[in-house]
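> coords below, sequence missing:
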């Protein structure tokens with residue numbers, strides 16, 4: 001890494017330069033042994049199974065070695081004007097190792113019993129258990145951030161340190177403890193109401209865990225002191241790396257909560273299916289998915305604002321834990337919920353014609369879908385506006401579409417061999433064998449967020465601003481032109 005033009009982030013614009021990801025390779029291997037046994041005994045149909053998996057990932061990632069400038073309008077009120085002047089609010093880059101030898105082992109087992117209580121009613125009961133070993137780096141070059149003395153609310157009043165994997169009671173070559181509580185019960189049923197196969201009611205629910213694995217790879221490879229990301233505030237394009245007065249401050253830090261647990265989803269549904277008029281099928285279902293302990297970053301060292309003293313240039317001196325800049329720690333503060341009513345009508349393909357239509361009325365809310373939205377986003381967020389109040393992030397998901405309607409059809413035109421008309425002749429060769437198909441989708445728009453790139457909260461760091469401006473008007477009362485759609489005067493810095 002480190003070759004070429006740095007990443008130049010201009011808040012609100014697409015920016016220029018190379019990606020911070022840098023040159024990378026990731027040869028990955030996974031070995032799996034699994035087996036499932038099944039046996040029918042009277043009205044019971046048993047299934048028992050298990051698996052063992054071993055993952056090997058050898059990363060070589062030049063993350064941030066190319067460097068990144070951030071221009072957010074601190075000096076002129078306009079991010080692009082700051083760029084033209086060469087005045088960057090910060091510059092950071094990486095030094096140190098680029099390689100990670102990541103290993104993990106997983107074990108899972110399940111048992112399921114499908115009980116035919118009646119000829120037209122089946123009850124399914126089951127439970128699954130998964131154990132995901134902590135991710136390790138075979139080099140032992142990983143670390144995490146721990147608080148020794150919580151801060152009192154005053155700047156630099158707390159004590160914290162970086163500890164190396166395998167020390168202070170941590171597992172060997174790992175920075176977090178194993179979670180052994182991944183029990184996942186499941187239940188379901190199917191009822192053929194009249195015993196004719198035309199009207200069925202189905203339902204079920206269960207707990208489903210999600211392996212962490214690659215989600216934590218970045219935190220491991222960026223572990224201090226094996227890799228460092230010094231941050232220089234109030235700097236320039238001409239000379240970004242400048243001497244730092246006073247005691248040195250550790251730059252951007254990434255870590256993993258030692259007590260992190262496995263995220264999981266509780267999912268359940270209830271639906272009905274009716275077959276009528278020969279090959280017409282009408283379905284309707286209620287679906288709900290609730291996510292818990294979802295993995296997200298939290299800012300462990302958020303600056304404490306002191307009126308008249310804290311500025312964008314000196315905010316590292318007003319952080320709770322002395323000696324550190326921004327500390328992004330992966331932990332389990334995320335949650336989500338989805339509720340949907342799904343309906344569909346389908347004509348199964350027969351006699352040259354098939355069609356279907358589906359409508360979904362749904363709502364999705366969460367704390368964190370806006371984070372990690374992708375490196376191409378002009379506002380790439382990693383953390384909430386206020387890490388002391390993450391519940392303030394609860395809102396409609398970035399992908400929430402309240403209404404969604406789809407329709408499709410396929411029609412074999414009745415011309416040509418083995419069709420109704422023009423079975424032979426020249427016209428049969430021209431018009432025969434054609435099929436007309438279409439797919440239509442209509443849905444509600446997605447929610448949008450507005451952020452202030454000038455960072456008035458003095459909490460941005462490492463990537464882009466996370467501050468939202470105050471709402472003082474109606475944002476939808478805008479000119480609605482290509483140049484300006486929203487009422488930008490509705491937002492106050």
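Here it is on my side, so go on. Owing to the predicted nature of the structure, the values given are computational and were not obtained by experimental measurement. Numbers count the residues shown, from 1 in each chain.

> counting contacts, what elements does the biggest strand by length in the chain pack onto?
Scanning the chain for the strand with the most residues, using DSSP state E, yields strand 327-350. On a contact count with 3 or more C-beta pairs under 8 Å, 6 or more residues apart in numbering; DSSP states H and E, strand 327-350 meets strand 143-149, strand 253-256, strand 280-299, strand 353-366. Backbone N, C-alpha and C define where each C-beta goes, glycine included.

> what sits up against the last one?
Contacts to strand 353-366, defined as C-beta atoms under 8 Å, 6 or more residues apart in numbering, come from residues 291, 294, 334-348, 394-397, 399-412.

> how about that strand: buried residues?
Buried residues in strand 353-366, counted by 16 or more other C-beta atoms under 10 Å: 354, 355, 356, 358, 359, 360, 362, 364, 366.

> Could you export those residues to JSON lines, including columns for distance to residue 50 and pLDDT?
Converted to JSON lines, these look like this (distance: C-beta to C-beta, whole Å; pLDDT from 0 to 100):
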{"residue": "354", "distance to residue 50": "41", "pLDDT": "93"}
{"residue": "355", "distance to residue 50": "44", "pLDDT": "95"}
{"residue": "356", "distance to residue 50": "39", "pLDDT": "96"}
{"residue": "358", "distance to residue 50": "37", "pLDDT": "98"}
{"residue": "359", "distance to residue 50": "41", "pLDDT": "98"}
{"residue": "360", "distance to residue 50": "36", "pLDDT": "98"}
{"residue": "362", "distance to residue 50": "36", "pLDDT": "97"}
{"residue": "364", "distance to residue 50": "34", "pLDDT": "97"}
{"residue": "366", "distance to residue 50": "33", "pLDDT": "94"}
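
> Closest one of the residues you listed to residue 417?
Distances from residue 417 to these, taken as C-beta to C-beta, are shortest for residue 354 (20.6 Å).

> Report the beta-bridge partners for that closest one.
In this entry, residue 354 is beta-bridged to residue 410, by DSSP bridges.

> In the chain, where is pLDDT below threshold?
1-3, 214-215, 244-248, 370-381, 460-466 (pLDDT under 70).

> Tell me which residue of it is furthest from the middle?
What lies farthest from the middle of the chain is residue 425; by C-alpha atoms, centre = their mean that is 58.6 Å.

> I'd like the distance between it and residue 417.
Per C-beta to C-beta, to the nearest Å, residue 425 is found 10 Å from residue 417.

> where along the stretch 51-200 of the chain do the strands fall?
Taking DSSP state E, counting those that start in this stretch to define them, one finds strands in the stretch 51-200 of the chain at 68-71, 87-92, 95-96, 99-118, 121-132, 136-137, 143-149, 159-164, 183-192, 199-209.

> Kindly supply the ChimeraX command isolating those of the contacts of strand 353-366 that are buried.
Command for ChimeraX that selects the buried part of the contacts of strand 353-366, burial taken from 16+ other C-beta under 10 Å:
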select :291,294,334,335,336,337,338,340,342,344,346,347,397,400,401,404,412
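
> any idea how far residue 431 is from residue 413?
7 Å.

> again but with residue 21, I slipped
Going from residue 21 to residue 431 by C-beta to C-beta gives 53 Å.

> same check, this time on residue 352
Here residue 352 is placed at a distance of 14 Å from residue 431 (C-beta to C-beta).

> Compare those two (neighbour count), which wins?
residue 431 (16 against 13; other C-beta atoms under 10 Å).

> Look up phi and psi at the more buried one.
As for residue 431, its main-chain torsions (degrees, to the nearest 10) stand at phi -100, psi -10.

> Tally up the residues packed near the nearest residue to it once chain neighbours are set aside, please.
Closest residue to residue 431 apart from its sequence neighbours, by C-beta to C-beta, 6 or more residues apart in numbering: residue 415 at 4.3 Å. The number of residues packed near residue 415 is 17, by other C-beta under 10 Å.

> Run through the residues that contact residue 415.
421, 422, 427, 428, 431, 432, 434.

> can you redo those as CSV with secondary structure?
Shown next, in CSV, are these (DSSP: H, G, I helix; E, B strand; the rest coil):
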residue, secondary structure
421, strand
422, coil
427, helix
428, helix
431, helix
432, coil
434, coil
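
> quick one: which of these is nearest residue 137?
Of the contacts of residue 415, the one sitting nearest to residue 137 (C-beta to C-beta) turns out to be residue 434, at 59.4 Å.

> beta partners for the closest residue to residue 427 other than its chain neighbours?
Distances taken as C-beta to C-beta, 6+ apart place residue 415 nearest to residue 427, at 7.7 Å, with adjacent residues excluded. Residue 415 has these beta-bridge partners by DSSP bridges: residue 421.
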